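Trainee: Give me coordinates for this.
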Amino acid sequence: MHRLVSIIIKEFRHLSRDRLALSMIILFPLMMLLIHGFAITLDIDHIPYGIQDEDRTAASRELLDRFEASTYFEPVFWARNERDFDVALDRDQIRIGVKIPKGFAEALQTGKHADVQLLVDGADNNTATIAMGYAQGIVQRFYQDRVLLTAQNLHMATELRPQIWFNPTLRSTLFIIPGLLGLVLMMTTVAMTSLAIVREKEHGTVEGILASPIRPIEMISGKLIPYLLIAYVQFICGVLAARFVFGVPVVGGFGILFVTTGLFLLVGLSLGLFISTLTDSQQVAWQISFIVTMLPSFLLSGFIFPIESMPTFLQKITGFFPIRYYVHLVKAILLKGIGWRDAWPQMWPLFIFLAVFVGVSVRRFQKRIA
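Mentor: The predicted model follows:
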């Protein structure tokens, strides 16, 4: 214990002397969370759209008023004919065009089918799908308010009342921020540990440590514990920012949140430790850390793209990245409030990652001593 405490104190002293690095360790992840939290959003509003009203009646004007009253759309173009729509779509002036044909109001009054044409720019398929869904919702609501059901088809009417759990407002921020928190922690923990140990190699001090009575497990633990505490500070700052800046609820208990996060942090630190055994250069260690954390965290963690929608072989590959399990855990704990029983299926793979990374790292250190 005395040797372990000595290594921990040594590491904290080194960090206290390098105040720039310490401030970057604390502030950079928080800045990254805030910048990406505001920049990455799947919510789309103020979609520019064009209008062509050939009917020019009170009914057509009411429908267009509903588009204008919606925060999803912003009218920027009034077309005289369909050719104008083609030009506006080609020049990216609008993303969607709303065309009300002549006879629209008469069809409503006589109970006939009243058509509304939507012309959508499909070059950006995500925006096109969302914009089309918004527009269809406005038109359907208009029909429901205007068209009266007759006694003959009244019994066939069905009213749908959806109840949305965990994210009633369907804000993408509540989906993105928890995953972004895991991404930031993964990047910083791996990079901090790998660079700290490789720095000892570059300065030549690691040989002296290994030649002393200090055992490899004591050196490894002494290097991990300071950065574990720093990572917890990053995590607490991240949760506070998520709660009070982005409005992400914390439904689950803090006990399970801290334990699962601690397990994930240890996995990240042990992965950084393993990377440090593969290289003797801080530059190479940083590059490897970036490759094994940044790219998988964005693409293969479920952070933005659902794993279920990926090809089967790619879904299996995601199982080899620890971030995949923590993203699922932190979202479920913060938004759903799951307990230990529901969290265990995502926790036991993290224990396996931790055992493998630490075991391989200790073995490589022992070989270096020998």
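Trainee: and residue 47, how many neighbours?
Mentor: Per other Cβ atoms under 10 Å, the neighbour tally for residue 47 reads 22. Glycine gets a C-beta too; all of them are placed from N, C-alpha and C.
Trainee: Residue 338 and residue 332 touch, don't they?
Mentor: Yes - counting by Cβ atoms under 8 Å, residue 338 touches residue 332, with 4.5 Å between them.
Trainee: joint contacts of these two?
Mentor: By the contact definition Cβ atoms under 8 Å, 6 or more residues apart in numbering, residue 338 and residue 332 are jointly contacted by residue 252.
Trainee: how much space between residue 274 and residue 197?
Mentor: 10 Å (Cβ to Cβ, to the nearest Å).
Trainee: ok, those two, which is more surrounded?
Mentor: The residue with more neighbours, out of residue 274 and residue 197, is residue 197; 24 against 21, by other Cβ under 10 Å.
Trainee: contacting residues around stretch 282-298?
Mentor: Applying Cβ under 8 Å, 6+ apart, the contact partners of stretch 282-298 are 182-183, 186-187, 190-191, 194-195, 198-199, 202, 268, 271-272, 275-276, 278-279, 303-304, 321, 323.
Trainee: show me where the stretch 1-150 of the chain has strands.
Mentor: Using DSSP state E, counting those that start in this stretch, the strands assigned to the stretch 1-150 of the chain run over residues 47-53, 73-78, 96-100, 117-120.
Trainee: In the sheet, which strands lie alongside the last one, parallel or antiparallel?
Mentor: Right, the one you point to is strand 117-120. strand 96-100 (antiparallel) (DSSP bridges).
Trainee: could you give the angle of the strand it pairs with to strand 47-53?
Mentor: Put simply, strand 96-100 runs at 20 degrees to strand 47-53, going by axes from the mean of the first three to the mean of the last three Cα atoms, to 10 degrees.
Trainee: can you give me the helices for the stretch 251-370 of the chain?
Mentor: With helices called from DSSP state H, counting those that start in this stretch, the stretch 251-370 of the chain shows them at 254-276, 282-299, 312-318, 322-331, 340-369.
Trainee: Are any of the contacts of stretch 282-298 buried, and if so which?
Mentor: Burial by neighbour count, 16 or more other Cβ atoms under 10 Å: within the contacts of stretch 282-298 this picks out 182-183, 186-187, 190-191, 194-195, 198, 268, 271-272, 275-276, 279, 303-304, 321, 323.
Trainee: Domain-wise, how is the protein divided?
Mentor: 2-41+171-369, 50-156 (automatic domain parsing).
Trainee: winner for burial among those?
Mentor: Most buried of the domains of the chain by mean neighbour count (mean count of other Cβ atoms under 10 Å) is domain 2-41+171-369; its value is a mean of 18.
Trainee: mind giving me JSON lines with the helices of the stretch 251-370 of the chain and columns for distance to residue 10 and mean pLDDT?
Mentor: Formatted as JSON lines, the helices of the stretch 251-370 of the chain follow (distance: least, Cβ to Cβ, whole Å; pLDDT from 0 to 100):
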{"stretch": "helix 254-276", "distance to residue 10": "17", "mean pLDDT": "93"}
{"stretch": "helix 282-299", "distance to residue 10": "19", "mean pLDDT": "85"}
{"stretch": "helix 312-318", "distance to residue 10": "38", "mean pLDDT": "89"}
{"stretch": "helix 322-331", "distance to residue 10": "28", "mean pLDDT": "93"}
{"stretch": "helix 340-369", "distance to residue 10": "17", "mean pLDDT": "88"}
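Trainee: among those, which is nearest residue 79?
Mentor: Residue 79 lies closest to helix 282-299 among the helices of the stretch 251-370 of the chain, at 39.8 Å (Cβ to Cβ).
Trainee: Pull that closest one out as CSV, backbone CA atoms only.
Mentor: What follows is helix 282-299, C-alpha atoms only, in CSV (Å, rounded to 0.1, in the frame of the first residue of the first chain):
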residue,chain,number,x,y,z
GLN,A,282,3.4,9.7,-27.4
GLN,A,283,2.5,10.7,-31.0
VAL,A,284,1.9,7.1,-32.0
ALA,A,285,0.1,6.4,-28.8
TRP,A,286,-2.3,9.4,-29.5
GLN,A,287,-2.9,8.2,-33.0
ILE,A,288,-3.7,4.7,-31.9
SER,A,289,-6.0,6.0,-29.2
PHE,A,290,-7.8,8.2,-31.7
ILE,A,291,-8.3,5.3,-34.1
VAL,A,292,-9.6,2.8,-31.6
THR,A,293,-11.9,5.2,-29.8
MET,A,294,-13.2,8.1,-32.1
LEU,A,295,-14.2,6.1,-35.1
PRO,A,296,-15.9,3.1,-33.4
SER,A,297,-17.6,5.5,-30.9
PHE,A,298,-19.2,7.5,-33.7
LEU,A,299,-20.2,4.7,-36.0
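Trainee: helices or strands up against whichever helix in the chain runs longest?
Mentor: In the chain, assigned by DSSP state H, the helix with the most residues is helix 172-203. On a contact count with 3 or more Cβ pairs under 8 Å, 6 or more residues apart in numbering; DSSP states H and E, helix 172-203 meets helix 19-39, helix 205-211, helix 216-244, helix 254-276, helix 282-299, helix 322-331.
Trainee: Now with 7 Å, please.
Mentor: On a contact count with 3 or more Cβ pairs under 7 Å, 6 or more residues apart in numbering; DSSP states H and E, helix 172-203 meets helix 19-39, helix 216-244, helix 254-276, helix 282-299, helix 322-331.
Trainee: What does the pLDDT read for the closest residue to residue 241 other than its chain neighbours?
Mentor: Distances taken as Cβ to Cβ, 6 or more residues apart in numbering put residue 33 closest to residue 241, at 5.8 Å, once the chain neighbours are dropped. Listed pLDDT for residue 33 reads 86.
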